[in-house]
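Undergrad: what's the 3D shape of this:
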Amino acid sequence: MSVIRTVFASGLALCLLAAPALAATAGAATIKAADGKPIGTAAFREGPVGVLMRVEASGLAPGWHAIHFHEKGDCSDAAFTAAGGHINHAPAKKPHGLLNADGPDMGDLPNLYVGADGKANAEVFSTFVSMEGSGGRPALLDADGSSLVIHASADDFLTQPIGGAGARVGCAVIKAAPEAR
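TA: Take a look at the predicted model:
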């Protein structure tokens with residue numbers, strides 16, 4: 001019995017010592033429409049091999065919408081072009097498309113479905129990025145930040161440069177969540 005207690009106590013001590021190392025970096029973003037009004041939120045949490053994102057939005061056209069990570073944390077213009085292109089850094093720079101044999105780029109994500117009521121709720125996990133650059137993946141919270149962009153149409157996951165996704169209809173600057181620091 002004392003061997004079991006010793007093993008349990010040792011394991012518990014290791015878990016407690018490792019707890020700060022397991023604390024995940026979190027992020028948050030307010031999704032805005034072209035008129036600047038908030039239409040949703042996105043929350044981000046670092047995992048061991050990528051980032052888990054939860055999106056809640058409303059006021060969007062029903063149907064499928066492309067959603068991507070963009071290279072700059074800037075949603076200052078109505079067309080959201082200040083967000084730049086998809087996150088796609090060298091040396092791993094690849095063409096767009098989750099179904100592209102030579103892709104995907106690091107900003108690619110699955111499409112977001114919006115119901116008939118204009119609302120979307122989704123959780124998506126990306127192994128292509130990191131909150132702060134762990135595992136050699138691009139950091140969403142790098143010096144110029146990054147954005148989450150929602151497009152007017154679905155991504156076909158092949159067509160260059162953005163899968164036929166159309167105009168940018170929503171944009172959110174990704175920031176570290178207060179509890180993450």
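Undergrad: alpha carbons only for contacts and neighbour counts from here, please
TA: OK.
Undergrad: OK, contacts around residue 177?
TA: Contacts for residue 177 were tallied using C-alpha atoms under 8 Å, 6 or more residues apart in numbering; they are 26-28.
Undergrad: do residue 71 as well
TA: Residue 71 neighbours (C-alpha under 8 Å, 6+ apart): 83-88, 144-147.
Undergrad: out of those, which is most surrounded?
TA: residue 147 (31 neighbours; other C-alpha atoms under 10 Å).
Undergrad: and residue 31, that's in a helix?
TA: No: assignment of residue 31 by DSSP: H, G, I helix; E, B strand; the rest coil gives strand, placing it outside any helix.
Undergrad: what's the distance between it and residue 100?
TA: 28 Å (C-alpha to C-alpha, to the nearest Å).
Undergrad: Determine the three-state secondary structure at residue 82.
TA: helix.
Undergrad: what about this protein, any weak spots by pLDDT?
TA: The model of the chain has pLDDT under 70 over residues 1-24, 90, 179-181.
Undergrad: ok now do residue 50, which residues does it touch?
TA: 125-130.
Undergrad: Show me what it bridges to in the sheet.
TA: Residue 50 has these beta-bridge partners by DSSP bridges: residue 47.
Undergrad: if we can go back for a sec, show only the entries of the contacts of residue 50 found in strands.
TA: The strands, defined by DSSP state E, take in 125-126 from the contacts of residue 50.
Undergrad: can you list the contacts of residue 50 in CSV and add distance to residue 52 and neighbour count?
TA: Below are those laid out as CSV (distance: C-alpha to C-alpha, whole Å; neighbours: other C-alpha atoms under 10 Å):
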residue, distance to residue 52, neighbour count
125, 4, 18
126, 7, 19
127, 9, 15
128, 11, 22
129, 10, 26
130, 10, 26
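Undergrad: ok, which pair from the contacts of residue 50 is furthest apart?
TA: Spanning the widest gap among those are 125 and 130, at 10.7 Å by C-alpha to C-alpha.
Undergrad: Throw the contacts of residue 177 into a markdown table and include distance to residue 161 and secondary structure, thanks.
TA: Converted to a markdown table, the contacts of residue 177 look like this (distance: C-alpha to C-alpha, whole Å; DSSP: H, G, I helix; E, B strand; the rest coil):
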| residue | distance to residue 161 | secondary structure |
| --- | --- | --- |
| 26 | 29 | strand |
| 27 | 27 | strand |
| 28 | 27 | strand |
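Undergrad: Only the buried subset of those, as a ChimeraX command please.
TA: Per 16 or more other C-alpha atoms under 10 Å, the buried members of those correspond to this ChimeraX selection:
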select :26,27,28
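Undergrad: Can I get the contacts of residue 177 in a markdown table including distance to residue 68?
TA: Below are those laid out as a markdown table (distance: C-alpha to C-alpha, whole Å):
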| residue | distance to residue 68 |
| --- | --- |
| 26 | 18 |
| 27 | 16 |
| 28 | 15 |
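Undergrad: Good, wrapping up.
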